[in-house]
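> what follows is a protein structure lacking sequence information:
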């Protein structure tokens with residue numbers, strides 16, 4: 001299990017997920033709030049691709065970014 005927190009760059013969603021899956025790890029991703037909808041769409045595509053390949057669809061999970069100030 002790997003957890004990755006990153007800024008608002010949707011390409012990191014795909015890069016991190018593919019590297020983790022290639023190394024046989026599941027991953028929890030948390031990107032920045034500015035790219036939440038893009039990251040959500042990409043994570044959904046990745047989950048569908050995992051299931052099509054015979055892998056668990058929840059091997060890649062996206063956690064919503066924290067909103068507001070502490």
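It's in. The shown structure was predicted, so the numbers you read here are calculated from the model rather than taken from an experiment.
> can we go C-alpha only for contacts and neighbour counts from here?
OK.
> wait, a helix at residue 4?
No. Applying DSSP: H, G, I helix; E, B strand; the rest coil, one finds residue 4 to be strand, outside a helix.
> that one: neighbouring residues, count only.
A count of neighbours around residue 4, defined by other CA atoms under 10 Å, yields 14.
> and the closest residue to residue 4 other than its chain neighbours, what element?
In this structure, residue 4 finds its nearest non-sequential neighbour in residue 29, 5.1 Å apart by CA to CA, 6 or more residues apart in numbering. Assessed by DSSP states H and E, residue 29 sits inside strand 27-30.
> doesn't residue 65 make contact with the residue nearest to residue 4?
No. Here residue 29 does not reach residue 65: they are 9.5 Å apart, not a contact under CA atoms under 8 Å.
> in terms of packing, which of these two has more residues around it?
Using other CA under 10 Å as the criterion, residue 29 and residue 65 rank with residue 29 on top: 22 against 18.
> dig out what that one forms beta bridges with.
Taking DSSP bridges, one obtains residue 4, residue 62 as the residues bridged to residue 29.
> which helix is the longest one in this protein?
helix 36-52 (DSSP state H).
> report all helices and strands that that one contacts.
Under the contact criterion of 3 or more CA pairs under 8 Å, 6 or more residues apart in numbering; DSSP states H and E, helix 36-52 touches helix 10-22, strand 60-62.
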